[in-house]
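In: structure for this input, please:
(2 chains)
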Amino acid sequence: MKQPSKLKMRRNRFIFFMILPAILFPIIFTYYPMVKGAMMAFQSYNLMNVKNIKWIGLDNFRKLFAQNASNNFYTTMFNTVKWVGISLSAQFLVGFSMALILKKKFKGSSLYQGFIFFPWAVSGFIIGIMWRWMFNGTSGVINDILMKMHLISQPVGWLASKNTALYSCIAANIWYGIPFFTIMITAALRGVSQDLYEAADVDGASPVQKFIHITVPCIRSVLLLTVLLRVIWIFNFPDLIYSMTQGGPAGSSHIITSYMMQLVQSLDYGLASAVGVLCILFLAMFAAIYLAATKYTDTEV
Amino acid sequence: MTYKGKKRLKLLLKIVVLACFLGLTMFPFVWMLLTSLKGTQGEIYAFPVKYLPDPVSMVNYVAMLWKGNFGRYMVNSLFTSAIAGFGAVFIAILASYVISRFHFRFKNVLLLFFLVTQMIPMFIMLAPLYQLLAKAKMLNDLRSLAMLYTNMMIPFSVVTLCGFFDSVPKSLEEAAWIDGCGYVSALFRVVVPVIMPGIAATFIFAFINSWNELFMAVMFIDVDKFKTIPVGLNGLILKYDIKWGEMAAGTIMSLVPTMCLFAFAQKYMVEGLTAGSVKG
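Out: Numbering: from 1, shown residues only, chains lettered A, B, ... in the order given. The predicted structure follows:
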């Protein structure tokens, strides 16, 4: 049906004004600062030295990758890989196992889910504070429990040692992320049509066969997307490290985003933005490769 | 073993695993609560650890609220998060209604526009935002924080609310249009009441996220009377000598509103979060 043009104009004007605020906010407070930030990556933009702001090409990036004793950017990058890799795999495995147990509803199961989902609503900063206290080297409860189980013979300064600081943060991060995977995968599992299992039962399929040939293919696309979003999220999540170790001791537990946060706070905006640009490039590349490698499509069964 | 015996064993195992998992999930919170209720330094730092406070003491809470400025921080957080929640949800209702109901060009571009904001590390924006606010003389102002949080929550709210609008049949407001209702009044009088639970859940999500936000608040607020809870706690944790009793009390107090809202909206939030994924 062809609409009279006056009505159509009214309709278009309505659409425009309804969307306008939702576009204006991100343009002013997200896209403008983002572009400006990306430009700073190519400038010597240090607030400690405001008179000397100028374009310097790739110097900030060179500074990041320069090999010298005081530069631990390589450690930081390696830490980021560990931080994302170990956290994600552990969260995924435990979350998946818990989801298999929770799949069948039982009396009080939604209440139970509510309880185990609660950490998700708490900020990473607060979680970090709680774990910092539990990992405390002199009177931490984790030392106490491990000593009572005779796993260690004297208190360990978990967050004060270069060997354990990052892994302690990773442990806390794993704990923090498990509920999310549990809830997402439980919902996905419950969405699988029961008919498929019944048909398989008729054919005499074993539980393992059913898992491999029905469950996994059915929830594959949900799993793939959840994992991708989670990688990006964990990568961009320095809050826990910020409140547990501040990247210490001696920068040994920094990941790339907490390192960047520290540069921002030391007012070297140019260098910090260079790190930010690297993050964006890396994440975009990762997402592209991941989607291609897994042949992800939205519509698969 | 008999079939029945095996089944019973399996059930028992399941209960044990679920109980252990619940215990592990709750332990850090319980431990923080116990610490906050211990009155003396000797009790808090005892090693081997003394698990239960004896006697239960409110000293740490009193110290935070009366000696410290924690009550003020709570009010500030409440103000900022409430405004951000309302702002984001209101703006998102307008946009998502149109996205869900009308056909127009560039709709996919628009969705991409929202998606990209979620992928970028926000740290790259902190320095330019600082300058922007400094130029506008809006540093140390809770209103600018509320504005930034509104912006932070718009994309998620739009996408979530689109899902809720999609679930309402279009015939509903078409009937209202025929009765002479304009677009706007049809939306607010007819459609919005129907998806109120979804709107409430979205508001709570935006509220909790603003309540939790740390880095922007730390960058843009450094006057004590404007600090939000995370900024206040951040000040305490940066000190060389952390008073863990008071820290624990502050943590617990900051968790109470989250807990109340979460208990109320948990069901909807889980639904909203998982709805999109299950459909795919």
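In: just for chain A, where's the confidence low?
Out: A:1-4, A:69-70, A:297-301 (pLDDT under 70).
In: name the residue closest to the centre of it, please.
Out: Central residue of chain A (C-alpha atoms, centre = their mean): A:I234, 1.7 Å from the mean position.
In: that one should be in a strand, yeah?
Out: No: counting by DSSP: H, G, I helix; E, B strand; the rest coil, A:I234 is located in no strand; its state is helix.
In: distance of the closest residue to it other than its chain neighbours from A:F78?
Out: With sequence-adjacent residues excluded and distances taken as C-beta to C-beta, 6 or more residues apart in numbering or on different chains, A:I234 is closest to A:V84, at 5.1 Å. Every C-beta, even on glycine, is put in place using the N, C-alpha and C of the backbone. For A:V84, the distance to A:F78 equals 11 Å [C-beta to C-beta, to the nearest Å].
In: can you give me the buried ones in the helix or strand hosting A:L225?
Out: Using DSSP states H and E, A:L225 maps to helix A:216-235. For helix A:216-235, a neighbour-count test (16 or more other C-beta atoms under 10 Å in any protein chain shown) marks A:218-219, A:221-228, A:230-232, A:234-235 as buried.
In: show me what it is packed up against.
Out: In terms of contacts (3 or more C-beta pairs under 8 Å, 6 or more residues apart in numbering or on different chains; DSSP states H and E), helix A:216-235 is packed against helix A:73-102, helix A:165-191, helix A:269-293, helix B:244-279.
In: break chain B into its domains for me.
Out: For chain B, the structural domains run B:3-36, B:60-279, going by automatic domain parsing.
In: out of the ones you listed, which is closest to A:M34?
Out: For the domains of chain B, proximity to A:M34 was assessed by C-beta to C-beta; domain B:60-279 is nearest, at 5.6 Å.
In: run the chain-centre distance for that closest one.
Out: Mean-position distance between domain B:60-279 and its chain equals 7 Å (C-alpha atoms, centre = their mean, to the nearest Å).
In: quick one: mean pLDDT over that domain.
Out: The predicted model assigns domain B:60-279 a mean pLDDT of 88.
In: near chain A, which residues of the stretch 151-280 of chain B?
Out: B:151, B:154-155, B:158, B:183-184, B:208, B:211-215, B:219, B:230, B:233-234, B:237-238, B:244, B:247-248, B:251, B:254-255, B:258-259, B:261-263, B:266-267, B:270, B:273-274, B:277-278, B:280 (C-beta under 8 Å from any C-beta of the partner chain).
In: any of the residues you listed buried? List them.
Out: The buried subset of those - by 16+ other C-beta under 10 Å - is B:151, B:154-155, B:158, B:183, B:208, B:211-215, B:219, B:230, B:233-234, B:237, B:244, B:247-248, B:251, B:254-255, B:258, B:261-262, B:266, B:270, B:273-274, B:277-278.
In: with respect to chain B, which of the buried residues of helix A:216-235 is nearest?
Out: Nearest to chain B among the buried residues of helix A:216-235 is A:V222, at 4.7 Å by C-beta to the nearest C-beta.
In: quick one: contacts for the residue lying closest to A:L100 once chain neighbours are set aside?
Out: Of all residues not flanking A:L100 in the chain, A:L189 sits nearest, at 7.2 Å (C-beta to C-beta, 6+ apart). A:L189 makes contact with A:A99, A:L100, A:K103, A:T215, A:I219, according to C-beta atoms under 8 Å, 6 or more residues apart in numbering or on different chains.
In: which among these count as buried?
Out: A:A99, A:K103, A:T215, A:I219.
In: list the residues that contact A:Q154.
Out: A:M147.
In: over to it. Which of the three states is it?
Out: coil.
In: and the gap between it and A:F16?
Out: For A:Q154, the distance to A:F16 - C-beta to C-beta - is 69 Å.
In: helices of the stretch 101-250 of chain B, start to end?
Out: B:107-119, B:123-135, B:142-166, B:171-178, B:183-186, B:192-194, B:196-212, B:215-220, B:229-237, B:244-279 (DSSP state H, counting those that start in this stretch).
In: show me which residues of the stretch 201-301 of chain A are close to chain B?
Out: Neighbours of chain B within the stretch 201-301 of chain A, by C-beta under 8 Å from any C-beta: A:221-222, A:225-226, A:232, A:235-236, A:239, A:242-243, A:246, A:257, A:260-261, A:264, A:269, A:272-273, A:276-277, A:279-280, A:283, A:287, A:298-299.
In: mind checking how far B:C162 is from B:L94?
Out: 12 Å.
In: overlap in contacts, these two.
Out: By C-beta under 8 Å, 6+ apart, no residue touches both B:C162 and B:L94.
In: so which of the domains of chain B is nearest B:P53?
Out: Nearest to B:P53 among the domains of chain B is domain B:3-36; the distance by C-beta to C-beta comes to 6.0 Å.
In: surely the residue nearest to the centre of chain A meets A:G85?
Out: No: with contact defined as C-beta atoms under 8 Å, A:I234 does not count as touching A:G85 (9.4 Å).
In: what sits against the spatially closest residue to B:L238 that is not a sequence neighbour?
Out: The spatial neighbour of B:L238 that comes closest, neighbours along the chain excluded (C-beta to C-beta, 6+ apart), is A:Q246 at 8.0 Å. A:Q246 makes contacts with A:S258, A:Q262, B:L238, as judged by C-beta under 8 Å, 6+ apart.
In: nearest to B:L18 among those residues?
Out: Nearest to B:L18 among the contacts of A:Q246: A:S258, at 34.5 Å, using C-beta to C-beta.
In: check contacts around residue 176.
Out: Since no chain was named, I'll use chain A. By C-beta under 8 Å, 6+ apart, A:Y176 lies in contact with A:P119, A:G124, A:I127, A:L240.
In: switch to chain B, please.
Out: Per C-beta under 8 Å, 6+ apart, neighbours of B:A176: B:S185, B:A186, B:R189, B:V190.
In: one more time with 7 Å
Out: B:A186, B:V190 (C-beta atoms under 7 Å, 6 or more residues apart in numbering or on different chains).
In: can you tell me how far it is from B:R189?
Out: The spacing between B:A176 and B:R189, counted by C-beta to C-beta, is 7 Å.
In: the nearest residue to A:W120 once chain neighbours are set aside: neighbour count?
Out: Computed as C-beta to C-beta, 6+ apart, the closest residue to A:W120 that is not its neighbour in sequence is A:P179, at 5.1 Å. By the criterion of other C-beta atoms under 10 Å in any protein chain shown, A:P179 has 23 neighbours.
In: and A:P179, how far is that from B:Q266?
Out: A:P179 is 11 Å from B:Q266, by C-beta to C-beta.
In: what residues are shared contacts of those two?
Out: Shared contacts of A:P179 and B:Q266, counting by C-beta under 7 Å, 6+ apart, come down to A:F117.
In: burial count for residue 122?
Out: Went with chain A since none was named. 22.
In: that's the other chain; I wanted chain B
Out: Other residues close to B:M122 by other C-beta under 10 Å number 21.
In: do you know how far it is from chain A?
Out: 8 Å (C-beta to the nearest C-beta, to the nearest Å).
In: not counting sequence-adjacent ones, nearest residue to that residue?
Out: B:F215 (7.2 Å).
In: do B:F226 as well
Out: Closest to B:F226 by C-beta to C-beta, 6+ apart is B:N140, at 5.3 Å.
In: next, that neighbour: phi, psi?
Out: Dihedral pair for B:N140: phi 50, psi 50, per degrees, to the nearest 10.
In: so it touches B:K225, yeah?
Out: No: contact criterion C-beta atoms under 7 Å: B:N140 and B:K225 do not qualify, at 9.1 Å.
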